[in-house]
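[1] Test case, fold it:
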Amino acid sequence: MSASQLIVLVTPVFLLLMALEWAADRRRGRRSIALADAIGSLNLGLLSQTSAAFTVVLRLGLYTLAWQHLALWRNDAFWTTWYGWLLALLLYDFCYYWLHRMGHEVAVLWAAHAVHHQSQHYNLSTALRQTSSGALFSWLFYLPMALAGVPPLVFVVVGLVDLLYQFWVHTEQVGRLGWFDRWFCSPSNHRVHHAVNDDYLDRNYGGILLLWDRLFGTFREEDPAQPCVYGTRGLLNSWDPLWANAQVYASLAQDSWRTRRWADKLRVWLKGPGWRPEDVARSHPKPAFDINDLPLFAPPMGTALRVFSIAQFMLLAAGAAVFLWHADNLPRPEAALWFATLLACQWALAAAVQGRIGMGLALMVEAGALATATSALGWIEWYWLFKPLAMAFAITSVAARLYPSRDGGIFHPNNGKAWLLLLALLASLAGDVALMLPGLFLPGLGAFLLAHLAYLRLFRQGVPWFAARRALVAVLAVGAAVYALLVLGGLPAALRLPVAAYVLVIALMAAQAFARHAQLAGEVPGTRAVAWGAALFLLSDALLAIDRFVQPLPAAQVGVLSSYYAAQALIVAGLLRALPRTSALARQHISAPHPLAEA
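    Next up, the predicted model:
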């Protein structure tokens, strides 16, 4: 049985214990568990486990290689005795202490480990909030075990024991435990580890034993007079699992790019977290940390969204469990495809919980990801279900906004823009269905031509035609190059005129979308998302045409469909952002800034 399969088997135990913790928390009135935060942490736990399927070479392969060629003493019989297992666990916990400590003292290692500390709550879900990039460097810290001759199997087992032990210490429901707190990692002293209070910062690194902290001067006892404040000193303010893993790396890369001294470009990564070159600190100052100014990130969730998020996460967890159970035996391309599908669904769930997109659009992204995967794998019946379903969810998400609102807005029923968007989506749905059926390529092309004309007209609303001349020239040049490639590659003569018209319309649509962004950026939200969505439309259609008429492309369906659904999602999300929110819940919505996307 693999480590991934063991995690699958113990997951129901984790969920049961979290349910018991929630019940105890409610009974005591602590309110230390928030649904959105718990889902965010569990989402990151799923991502950590699914991504681990691709880092086994780093986590175990390099260890095995070192054990085979560099071990100073090989005696497997010793390591499989009870005292050998105990010694191996002791060695592992010692190595873990130094990995954990360096994870707080070296910036590039903190970039990976910070994920585990980002939650502003402290409960059992926090224990499962794990990094997806830790394997990049963590293997280095366990090489002493390989040199000591600890067999890979023993290494893996004691590593799981050390990891699973640490689950129960992430709770506020267990108080002080007397003598146990002095020698073992416990809820009390691990709460200290997760706190950002000055007196608690960077303390209590031990995984099982606190002996290491006492030996090396990093132990700190929890003080009832000084309650722990959780999180990081640079708040995440997002449920996005991708951004959670990238946040600190992005900040370090930004500082490394900005500083002028070459030595500082390296020091940024190797110094302690929070260190910044002097020139960057002057030119791009950050506010000083204030423990009394750490607002809790908690976008409001209505009842429907709460039910939706729970149901969606349970489906995601089931999908991840199936993936983990079979991941070791899947061909790498197929495993990568399913991993990407799960990741897209995880992102969509997080975006919906945060309020960045609606539930309908989240379902559209998920159905689009499943349509892409099932098409690439040849699961035709499932593909026929998910492909039209994706656009049906997009249409539903827009139609739901057509009800009259007292604030009006561009999607008021009396405003034709909403109906143009619906027309574009309905025509896209018709095109999707036509292209799935044999002999309906031209009707499908006609349907998508109508969709692009509707988008073109929609992007014209409120702005001049093709105001961004450079974008117009660039997009037309790309369209002309694609068309020339098609003609030279053998595009049938009967299709040359309709394909030329199609290429021209989609190129003009993309150019107008960029013109709209140039004119309205800063005034109307979502214009950048719409522009990039239109550009992805051009890419998707180019890949489809090249694959069909010039030369079969590797993984063509993945490229065509993923860019197509990304295009539709970006356009719909960008346009819906321009609609004023009118409900009381929406008016209270807290939208966290996100540096990677506008929509």
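
[2] CA-only coordinates of stretch 67-78, as PDB, when you get a sec.
    What follows is stretch 67-78, C-alpha atoms only, in PDB (Å, rounded to 0.1, in the frame of the first residue of the first chain):
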ATOM      1  CA  TRP A  67      20.900   5.300   0.700                       C
ATOM      2  CA  GLN A  68      22.000   2.900  -2.100                       C
ATOM      3  CA  HIS A  69      25.300   4.700  -2.800                       C
ATOM      4  CA  LEU A  70      26.300   6.800   0.200                       C
ATOM      5  CA  ALA A  71      25.000   4.900   3.300                       C
ATOM      6  CA  LEU A  72      27.800   4.500   5.800                       C
ATOM      7  CA  TRP A  73      26.300   1.500   7.500                       C
ATOM      8  CA  ARG A  74      23.800  -1.000   5.900                       C
ATOM      9  CA  ASN A  75      21.900  -3.300   8.200                       C
ATOM     10  CA  ASP A  76      18.300  -3.600   7.300                       C
ATOM     11  CA  ALA A  77      17.700  -6.300  10.000                       C
ATOM     12  CA  PHE A  78      18.600  -3.700  12.700                       C
END
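
[3] buried residues in it?
    Trp67, Ala71 (16 or more other Cβ atoms under 10 Å). For glycine as for every other residue, the C-beta is placed from the backbone atoms N, C-alpha and C.

[4] Next: stretch 228-235.
    Across stretch 228-235, burial judged by 16+ other Cβ under 10 Å covers Cys228, Tyr230, Gly231, Thr232, Arg233, Leu235.

[5] Among these, give me the pair with the biggest separation.
    The largest separation in the buried residues of stretch 228-235, counting by Cβ to Cβ, is between Cys228 and Leu235 at 15.8 Å.

[6] List the contacts of Arg176.
    Contacts for Arg176 (Cβ atoms under 8 Å, 6 or more residues apart in numbering) come out as Ser188, Glu222.

[7] Am I right that it is in a helix?
    No: counting by DSSP: H, G, I helix; E, B strand; the rest coil, one finds Arg176 to be coil, located in no helix.

[8] from here on, count from 46
    In the new numbering, first residue 46, that becomes Arg221.

[9] pLDDT weak spots in the stretch 396-545 of the chain?
    Along the stretch 396-545 of the chain, segments meeting pLDDT under 70 span 447-461.

[10] The same query, at a cut-off of 80, please.
    By pLDDT under 80, the weakly predicted segments of the stretch 396-545 of the chain are 446-463.

[11] Give me the three-state assignment for the residue lying closest to Leu494 once chain neighbours are set aside.
    Once flanking residues are discounted, Leu494 sits nearest to Tyr547: 5.4 Å by Cβ to Cβ, 6 or more residues apart in numbering. Look at Tyr547: counting by three-state DSSP, its state is helix.

[12] Tyr547 and Gln613: what is the separation?
    Separation of Tyr547 from Gln613 (Cβ to Cβ, to the nearest Å): 17 Å.

[13] neighbour-wise, which of those two wins?
    More neighbours surround Gln613 than the other of Tyr547 and Gln613, with 25 against 20 (other Cβ atoms under 10 Å).

[14] Distance from the helix or strand hosting the more buried one to the middle of the chain?
    Using DSSP states H and E, Gln613 falls within helix 601-621. With Cα atoms, centre = their mean, to the nearest Å as the basis, helix 601-621 stands 17 Å off its chain's centre.

[15] Summarise which helices and strands it is packed against.
    Helix 601-621 sits against helix 404-422, helix 425-444, helix 461-481, helix 572-594, with contacts defined as 3 or more Cβ pairs under 8 Å, 6 or more residues apart in numbering; DSSP states H and E.

[16] May I see the buried residues of the longest one?
    Meaning helix 572-594. Within helix 572-594, the residues that count as buried by 16+ other Cβ under 10 Å are 572-594.

[17] now do stretch 72-88
    By neighbour count on 16+ other Cβ under 10 Å, the buried set for stretch 72-88 is Ser77, Ile78, Ala79, Leu80, Ala81, Asp82, Ala83, Ile84, Gly85, Ser86, Leu87, Asn88.

[18] That stretch spans what distance, first to last residue?
    26 Å (Cα to Cα, to the nearest Å).

[19] what's in contact with it?
    With Cβ under 8 Å, 6+ apart as the test, stretch 72-88 has contacts from 63, 66-67, 70, 164-168, 170-171, 173-174, 217-218, 284, 286, 289, 343-344, 346, 351, 354-355, 358, 361-362, 391, 394-395, 398-399.

[20] Which ones among the residues you listed lie within helices?
    The helices, defined by DSSP state H, take in 63, 66-67, 70, 170-171, 286, 289, 351, 354-355, 358, 361-362, 391, 394-395, 398-399 from those.

[21] Enumerate every residue touching Trp67.
    Trp67 touches Ile78, counting by Cβ under 8 Å, 6+ apart.

[22] starting at the chain centroid, how far to the host helix or strand of Gln94?
    In this assignment (DSSP H and E), Gln94 forms part of helix 80-96. In terms of Cα atoms, centre = their mean, the centre of helix 80-96 is found 9 Å from the chain centre.

[23] same question, stretch 556-571
    Centre-to-centre, stretch 556-571 and its host chain are 27 Å apart (Cα atoms, centre = their mean).

[24] next one: stretch 112-124
    Using Cα atoms, centre = their mean, the offset of stretch 112-124 from its chain centre is 40 Å.

[25] got it, and stretch 551-570?
    Its chain's C-alpha centre and that of stretch 551-570 lie 27 Å apart, by Cα atoms, centre = their mean.

[26] With stretch 400-415 instead?
    In terms of Cα atoms, centre = their mean, the centre of stretch 400-415 is found 14 Å from the chain centre.

[27] all strands for the stretch 246-395 of the chain, in order.
    For the stretch 246-395 of the chain, no strands turn up when DSSP state E, counting those that start in this stretch is the criterion.

[28] could you pull out the helices for it?
    Under the criterion DSSP state H, counting those that start in this stretch, helices of the stretch 246-395 of the chain are mapped to 256-261, 286-303, 307-315, 323-328, 348-371, 377-399.

[29] if we can go back for a sec, what's the angle from the helix holding Gln94 to helix 286-303?
    If you take axes from the mean of the first three to the mean of the last three Cα atoms, to 10 degrees, helix 80-96 sits at 80 degrees to helix 286-303.

[30] got the angle for helix 80-96 vs helix 348-371?
    Going by the same axes, to 10 degrees, helix 80-96 is angled at 20 degrees with respect to helix 348-371.

[31] Would you mind pulling up the elements that the following helix or strand past helix 80-96 packs against?
    Moving toward the C-terminus from helix 80-96, the next helix or strand (DSSP H and E) is helix 101. On a contact count with 3+ Cβ pairs under 8 Å, 6+ apart, helix 101 meets no helix or strand.

[32] mind putting the helices of the stretch 246-395 of the chain in TSV, mean neighbour count and distance to Val478 included?
    Output for the helices of the stretch 246-395 of the chain, formatted as TSV (neighbours: other Cβ atoms under 10 Å; distance: least, Cβ to Cβ, whole Å):
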stretch	mean neighbour count	distance to Val478
helix 256-261	16	63
helix 286-303	18	32
helix 307-315	15	51
helix 323-328	13	54
helix 348-371	16	26
helix 377-399	21	22
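
[33] where are the low-confidence patches of this structure?
    46, 75-76, 446-463, 623-644.

[34] so who does Phe559 touch?
    Counting by Cβ under 8 Å, 6+ apart, Phe559 has contacts Ala513, Ala516, Val520, Ala576, Ala579, Ala580.

[35] Nearest residue to it in space, please, no chain neighbours.
    Closest residue to Phe559 apart from its sequence neighbours, by Cβ to Cβ, 6+ apart: Ala516 at 3.8 Å.

[36] rewinding a little: generate JSON lines for the buried residues of stretch 72-88, with distance to Asn337 as supplementary columns.
    Compiled in JSON lines, those are given as follows (distance: Cβ to Cβ, whole Å):
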{"residue": "Ser77", "distance to Asn337": "20"}
{"residue": "Ile78", "distance to Asn337": "24"}
{"residue": "Ala79", "distance to Asn337": "21"}
{"residue": "Leu80", "distance to Asn337": "26"}
{"residue": "Ala81", "distance to Asn337": "24"}
{"residue": "Asp82", "distance to Asn337": "21"}
{"residue": "Ala83", "distance to Asn337": "26"}
{"residue": "Ile84", "distance to Asn337": "28"}
{"residue": "Gly85", "distance to Asn337": "24"}
{"residue": "Ser86", "distance to Asn337": "25"}
{"residue": "Leu87", "distance to Asn337": "30"}
{"residue": "Asn88", "distance to Asn337": "30"}
